[in-house]
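Visitor: Pasted the sequence and its predicted model underneath.
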Amino acid sequence: MAFAAERYSHFVWASGGSNGADLSFADDGTAVLDYRSGWMGSSKREFRLRFRVKRFSDRYGLLALTEAERLDTPQRWSATELNEAACGFHEDDERMLLWGVAYEFLRLDGGEGHVPNDPHLMDFPNAGWNPRMDLVLFARVPAESLAEGGVDTELSAVLAGIDKLKLGRVAAAAPGTSLE
């Protein structure tokens, strides 16, 4: 199946902080998710997650984690380390796409209105989020497996936090302009 470069973005903010994520699919069958979070009472998190993409259709596929990197306090974890901790094994064959730390993604035709995962935000006068969702991520490994397996607590919070992440598609930039 052909790969196309695509970009999606997610944000939620309130007076106490914010979460943000940018997911970029490359035309070489890989994807990168940059995740940022900072809320009162918790530490700031900045991570970059790299994935191998396995598409099953134009709308559905898998993002298999290949590497995680903490950007604000430089640390790196390989898929082997994370799969061993969370799943108990780290084979390098095709089955790890289905058994390892991975996320299913579902692209929505035409997009949908984004309702935040935290319903309290809807009543908060000083809050906002991306108004549309065009792509949703679903974790294949439960958050409990990450925590129980000894995955770094900050990384575990990020990996669990992107479960059910709702992202809006970012339009391609005109030639000669930057999306940044």
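Guide: Yes, it's here. Numbers count the residues shown, from 1 in each chain.
Visitor: Can you show me the helices along this protein?
Guide: Using DSSP state H, the helices found in the chain span residues 79-87, 96-99, 143-148, 153-161.
Visitor: Let's have these in TSV, adding mean pLDDT.
Guide: Listed next are those as TSV, based on pLDDT from 0 to 100:
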stretch	mean pLDDT
helix 79-87	78
helix 96-99	60
helix 143-148	77
helix 153-161	88
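Visitor: okay, those in JSON lines with distance to residue 106 and mean neighbour count next?
Guide: (C-beta placed from N, C-alpha, C; glycine too.) Shown next, in JSON lines, are the helices of the chain (distance: least, C-beta to C-beta, whole Å; neighbours: other C-beta atoms under 10 Å):
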{"stretch": "helix 79-87", "distance to residue 106": "22", "mean neighbour count": "20"}
{"stretch": "helix 96-99", "distance to residue 106": "16", "mean neighbour count": "16"}
{"stretch": "helix 143-148", "distance to residue 106": "20", "mean neighbour count": "16"}
{"stretch": "helix 153-161", "distance to residue 106": "18", "mean neighbour count": "19"}
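Visitor: which stretch among those helices comes nearest residue 7?
Guide: Smallest distance to residue 7 across the helices of the chain (C-beta to C-beta): 19.5 Å, for helix 153-161.
Visitor: tell me, what residue is most central in the chain?
Guide: residue 162 (4.7 Å; C-alpha atoms, centre = their mean).
Visitor: do you know how far it is from residue 77?
Guide: Distance of residue 162 to residue 77, computed by C-beta to C-beta, to the nearest Å: 15 Å.
Visitor: Thought residue 167 was touching residue 135, still the case?
Guide: Yes. Applying C-beta atoms under 8 Å, one finds residue 135 in contact with residue 167, separated by 4.7 Å.
Visitor: Those two: which is more packed in?
Guide: Taking neighbours as other C-beta atoms under 10 Å, residue 135 and residue 167 compare with residue 167 leading, 25 against 21.
Visitor: Find the residue closest to that one in space, skipping its chain neighbours.
Guide: Spatial nearest neighbour of residue 167, excluding adjacent residues (C-beta to C-beta, 6 or more residues apart in numbering): residue 8 at 3.7 Å.
Visitor: burial of the one you found, as a residue count?
Guide: Residues near residue 8, counting by other C-beta under 10 Å: 25.
Visitor: Could you do residue 102 as well?
Guide: Residue 102: 22 neighbours (other C-beta under 10 Å).
Visitor: can you pull the contacts of it?
Guide: 51, 62, 63, 64, 65, 140, 141 (C-beta atoms under 8 Å, 6 or more residues apart in numbering).
Visitor: again, only this time at 10 Å
Guide: 51-52, 54, 62-65, 79, 83, 96, 138-141 (C-beta atoms under 10 Å, 6 or more residues apart in numbering).
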